[in-house]
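Undergrad: Below is the sequence, then the predicted model.
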Amino acid sequence: MSTQTKDRKPQILRNELFKDLPLKELHTKLANPRDLVAELKEMIGEGLFKVEIRHDIYNIRTAKEFDIETLLKNCQKRQQNPNKTTTIKDNEPEPINPEIKEASITV
């Protein structure tokens, strides 16, 4: 039981880091989870975002600003050409919260 408490504590800490970041929403019909996460990793960086799915909506919080329409276009390109990984890159913005080190997805 003490192992579970220790395992949960870091997760709570990571969630606390994301809670004050700006929220962007995207309907789940517009992108599948695998493409969404792959694009966010490329656009934002590994571990600098959190995605939750609530009522058919992706709630996306990131440590860097990004254009939701660019994300959507890149996800749609991935669906059309699953073997290609070319994406449209936004300018590299500075992190909103540099303390964030890991990404998590809650379903």
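TA: Thanks, I have the structure now.

Undergrad: For the helix or strand that contains residue 39, enumerate the helices and strands it packs against.
TA: Element membership for residue 39, per DSSP states H and E: helix 33-43. Helices and strands touching helix 33-43, by 3 or more Cβ pairs under 8 Å, 6 or more residues apart in numbering; DSSP states H and E, are strand 49-54, strand 57-62, helix 68-80. All C-beta atoms are positioned from the backbone trio N, CA, C, and that covers glycine.

Undergrad: That helix: which residues count as buried?
TA: By neighbour count on 16 or more other Cβ atoms under 10 Å, the buried set for helix 33-43 is 35-40, 42-43.

Undergrad: Using CSV, list the CA coordinates for stretch 52-65.
TA: This file holds the C-alpha atoms of stretch 52-65, laid out as CSV (Å, rounded to 0.1, in the frame of the first residue of the first chain):
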residue,chain,number,x,y,z
GLU,A,52,-7.3,14.7,-21.2
ILE,A,53,-10.4,13.4,-23.0
ARG,A,54,-13.7,14.6,-21.6
HIS,A,55,-17.0,14.3,-23.3
ASP,A,56,-15.5,13.7,-26.8
ILE,A,57,-13.2,16.7,-26.4
TYR,A,58,-9.4,16.6,-26.1
ASN,A,59,-8.4,19.1,-23.4
ILE,A,60,-4.8,20.1,-24.2
ARG,A,61,-2.5,21.9,-21.8
THR,A,62,1.0,22.7,-23.0
ALA,A,63,4.1,24.4,-21.7
LYS,A,64,4.6,26.1,-25.0
GLU,A,65,2.2,28.1,-27.1
